[in-house]
Structures are given as structure tokens and as C-alpha cells.
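Enquirer: no sequence on this one, just coordinates:
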């Protein structure tokens, strides 16, 4: 919270490196542009973007760690989990 | 025999058309591409995001490097380099461009960092989307050669878009990359790139605008120069560079400068920085928040109050009550709004 691009992506990248394949990371941010950037990052890295939930100003986004490249279309659409 | 198999190239990806095309040209040859994007703290897009203006469409503020990586299906790794980078902004070996932009040193800096990363991940060579003759300071032939040499990358830096105008590189000599399938684009025209984008069906890319570097901006550069000249505490990678984009700036003494918010968004941003600092505003009026850097004495506080009054909705009144506060301390100052001629003398 309180960080703006590109810091949330840098932190996400650092955190997910230490995780096992199949584990899910919850990213909490108040920067709405992350709704665009995180799915894009997932499309590039091959991690699976699962969607997001909003709690007032907080946005909770979920990423499943994947070990292989995804197709460029994966995670392209923003998807609310609500 | 296909010799590109198992060959990995790292490239500087801004998300602009040129770096996207350079990556695509190599991917078409079967090269594994890994993108790097360095976060310098001087990206105006990032600064706009930090300001948090209401109603801005998220897509307009997205990170273009990540978007390009997504469209290409490659990882673009964002590497934070703010503190190291500031050193070359302050003291560039090859000098500044028209403003505070150290373009040649910037390229050398990024390529050195990219080389380190290449060694870490077992990459074979580096590439960029540079086009010969496109930018006056950093993309003429001598500059391209200087950059390559200073970065310690002689022969290992491929510029696929202008390759036919440049000496053959190691990846071409070794047969990792087919030189015949590289390009001969040069100059400032975008025709060659736009045609190639059509061939590759790349439809989404930001319009070229000289990049999003605040250091090429006249006003930002003047304010940064003032910060350096007056030894104002400045930490890259924090809100400090953002503050240079916000509001009207005035220097009222060697030690004291002030920032006057121009609208609600800027006032809210300044509000977040007020702890431990003097702030001025006109109560019960349309008023900017005036944030002070440095410790003003009684006389300077009157002067700053006059500036706050000038930018309030009471600017036409003869005397205006201005509230000055710092943490728990607060005082009211009655002043005449400052004259415009005075403001021009101290505007940064």
C-alpha cells in the first residue's frame, strides 16, 4: 500500500521468486493502475493472474506461480473475483 | 543448421515501438528474448501515477514495458536503479543534453547493468531498439560506438533495426543471428518502423514523444538544478522527484523554497508531505496549500503568507489572513497579497 509503479511489480517479482510452483500470492495495492500492470506482467512471465477483489481503497490481486511460459493471451482481460 | 537454438538475448525494453520491434526481429529468428526495464525514478509516467490525479484512466498510465512484454509473450524485468542512476544525473562523464538529460551516460549505465544481468542469467548478447540517426545526442554513429565501448560490450551489442549500417557483431559472426534478416533503418522518419509493425501485426504501441524522461523537461530540469545548487535534501526513488513536478515553485532565500499547489490533487499530494514542515493556507477561502522546504524566519513567513494570499480566492483583497502551521505550532499572519512582479523574481 502507498507504493506506485513500478514498485509493486518489483516487489511482486521478488516475492514470487521464492515461492513454489502452484502457490498463490496475494498482492495488496491502492494504485489502480496495477489492475492493468499486474495482468500484463503475468502475460509476460507466464504466471497465472487469477483476478482481484476490492475493499474500499484496497485492491487485492491474486497470482498463481507458474513455471512455464503462458500464451500471450493469458490473463489479458481484467477479471473481478466478485 | 539452426544455430540460434538455446541462444538467449537480453534487451532494453521501454515499451516503445523500436524496442518492441527489435525484440520481435530476434524472436522471429528463434532467439530467446528477456527484457529489461530500468526504473530510474525520472519517468514522468510513474510520477503522474504517484500524484494520483482522480479520473485518470488506468490504461493511460500503464507501464508500457510490461504491456510490450505481455504482447510479445516475454518477461520484462523491471530493475530498480534509482540511487545509482542519480550519480550520473548529477555528474555525467559525457555531459547533459539540452536539459538535465545525460543521454549518453544513461545508455552506458543501463547497458553496464544489462551486461551484469546477462552474465547472471547466462545470456549470450544484448540488444536495443536504437536507430542510427534518430536522436541527436545519443544515436549518431560515434555515440553508438562510444556507448558500446564504454559499456564494455564491443561486439556483443546488437541493434537489429540499424544492423546493416553498423559493423557485424559477434552474434552475427557466430551465426546465432542471420544478418540478412536484420534491418537497415536509419534517421528520424518512422516509416520503416511502421511498415515493420504492420508486418508483425503490432498494433498497440505508444506514440513517439521523445520518451517519458522528466530530465528532458525544461521546468523539471530547472527545479532539479535548483535542488542541487541549494543542497536541498533529495532522495531518488521517493516522493522527492514527484515534488519537482507538482505546483508552482518559488525560492525566497538560499535555504528556503516553497511549493504552491495548483489544484485539489496537488494540494492533497502536498498534504501528505507536511509533517515536520511549515505549511500555509488561507482559511475559509479557495486556497492553495503552500509547502515550505527549509526553516523560514519571521520575515520569510510573512513573505510566504503573501504568496499564499496571492494564489487564494482573496487575492483582490487589500489584507488577507493566512494560517501558517508546522506540526503542533500554528499562527495567523495578516498580509497584502504578493505582487506578480515579485513572484516572477523568485519563481523556479
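Expert: Arrived safely, thanks for sending. Since the structure is predicted, the reported quantities are computational estimates derived from the model, not experimental observations.

Enquirer: in its sheet, what does the host helix or strand of residue A:63 sit against?
Expert: Per DSSP states H and E, residue A:63 falls inside strand A:58-64. Strand pairing for strand A:58-64, using DSSP bridges, gives strand A:24-29 (antiparallel), strand A:48-55 (antiparallel).

Enquirer: Could you export those as TSV, including distance to residue B:131, mean neighbour count and mean pLDDT?
Expert: Using the backbone N, CA and C atoms, a C-beta is placed for each residue, glycine as well. Formatted as TSV, those follow (distance: least, CB to CB, whole Å; neighbours: other CB atoms under 10 Å in any protein chain shown; pLDDT from 0 to 100):
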stretch	distance to residue B:131	mean neighbour count	mean pLDDT
strand A:24-29	36	16	95
strand A:48-55	34	16	95
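
Enquirer: Need those strands in a markdown table (columns: distance to residue B:36).
Expert: Shown next, in a markdown table, are the strands paired with strand A:58-64 (distance: least, CB to CB, whole Å):
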| stretch | distance to residue B:36 |
| --- | --- |
| strand A:24-29 | 22 |
| strand A:48-55 | 22 |
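
Enquirer: Of these, which is nearest residue A:65?
Expert: In terms of CB to CB, the element of the strands paired with strand A:58-64 nearest to residue A:65 is strand A:24-29, at 6.9 Å.

Enquirer: Just want the phi and psi numbers for the residue of chain A most remote from its centre.
Expert: For chain A, the largest distance from the centre (CA atoms, centre = their mean) belongs to residue A:56, which lies 18.6 Å off. When quoted as degrees, to the nearest 10, the phi and psi of residue A:56 stand at phi 50, psi -120.

Enquirer: just residue A:18 next, same as before
Expert: Dihedral angles (degrees, to the nearest 10) for residue A:18: phi -90, psi 10.

Enquirer: Quick check: the gap between it and chain B.
Expert: 16 Å (CB to the nearest CB, to the nearest Å).

Enquirer: Run through who's touching stretch B:51-59.
Expert: A:4, A:32-33, A:35-36, B:48, B:242, B:245-246, B:265-266, B:268-269 (CB atoms under 8 Å, 6 or more residues apart in numbering or on different chains).

Enquirer: Could you list the buried residues of that stretch?
Expert: Using 16 or more other CB atoms under 10 Å in any protein chain shown as the burial criterion, the residues of stretch B:51-59 that qualify are B:51, B:52.

Enquirer: Can you show me the helices along the stretch 101-250 of chain B?
Expert: B:103-121, B:141-150, B:170-173, B:191-199, B:218-229, B:240-243 (DSSP state H, counting those that start in this stretch).
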